[in-house]
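Asker: Curious how this folds, go ahead:
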Amino acid sequence: MHRCSWCGEDPVYQDYHDLEWGVPEWDGRALWEKLILDGFQAGLSWITILRKRDNFRTAFDGFDPEQIARWGEDEVARLLSDPGIIRHRGKIEATVTNAQAYLDLGGSEAFAKMMWDYVDGAPLIGHYTCQKDVPTSSPLSTQISKDLKKAGFKFCGPTIVYAWMEACGIIMNHTTDCHRYSDLSEGG
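Answerer: Okay, here's the model as predicted:
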């Protein structure tokens, strides 16, 4: 079975690649969680986040935006002392701000609609034969990044947004020789 080269031989990465990455995510709360995790990934490898994802979910109250939006310095301090997550004050504080912005946009249904409207409700399909040809940002990720920042979001630059779009299946960028390409490019 051939996979995209980025996942290598790590079983955690391979499972993520085979079961999640590039699969369209329609739930707005799940889209928000993935955006937050992609923000935490900035400057790190994605495998670091995958290995800590369950810890993140526990530490961040299941990524419940309504809970997180009310957090203050006590919760930030608690997270800064939690070795199970990435302890970065700016990213933790951005999560609180992003929860508030997410709720201001209208929550799950509104956030999902907003994100999927950028692609008219259907994933964009990449046709890359080699991983080195896959871009790390695009005019669309730049536009979404600008719109999110205008709405109050942080840690959502064009590269983070592009990686998030790939993770959520808004853009399907499995390489054409990958075993997931055919299924996902045909809507499966």
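
Asker: where does this structure have low pLDDT?
Answerer: Judged by pLDDT under 70, the chain has its weakly predicted residues at 187-188.

Asker: Look through it and tell me its longest helix.
Answerer: Criterion DSSP state H: the longest helix present in the chain is helix 89-104.

Asker: Just give me the neighbour total for Q14.
Answerer: For Q14, the count of nearby residues is 14 (other CB atoms under 10 Å). Every residue, glycine included, has its C-beta placed from N, CA and C.

Asker: Same check on the one 4 residues further on?
Answerer: Here the number of neighbours of D18 (other CB under 10 Å) works out to 16.

Asker: now the helices for the chain?
Answerer: For the chain, the helices defined by DSSP H cover 11-19, 28-41, 46-59, 65-68, 73-80, 89-104, 108-117, 139-150, 158-167, 181-185.

Asker: just checking, what packs against the second one?
Answerer: Identification of packing neighbours for helix 28-41 by 3 or more CB pairs under 8 Å, 6 or more residues apart in numbering; DSSP states H and E yields helix 46-59, helix 89-104, helix 108-117, helix 158-167.

Asker: go with 10 Å
Answerer: Here helix 28-41 touches helix 46-59, helix 65-68, helix 89-104, helix 108-117, helix 158-167, going by 3 or more CB pairs under 10 Å, 6 or more residues apart in numbering; DSSP states H and E.

Asker: do the same with the last one
Answerer: With contacts defined as 3+ CB pairs under 10 Å, 6+ apart, the packing partners of helix 181-185 are strand 124-125, strand 171-172.

Asker: Quick one, which of those gets closest to M1.
Answerer: strand 171-172 (17.9 Å; CB to CB).

Asker: Sheet partners, orientation included, of that closest one?
Answerer: Here strand 171-172 is paired, per DSSP bridges, with strand 124-125 (parallel).

Asker: next one: the partner strand to chain centre, how far?
Answerer: In terms of CA atoms, centre = their mean, to the nearest Å, the gap separating the centre of strand 124-125 from the centre of its chain is 17 Å.

Asker: Show me what it is in contact with.
Answerer: For strand 124-125, contacts defined as CB atoms under 10 Å, 6 or more residues apart in numbering pick out 22, 118, 138, 140, 165-166, 169-174, 181, 184-187.

Asker: again with stretch 132-149
Answerer: Outside of stretch 132-149, the residues that reach it under the criterion CB under 10 Å, 6+ apart are 4-6, 35, 98, 101-102, 105, 114-115, 118-119, 124, 126-128, 153-166, 170-171, 173-175.
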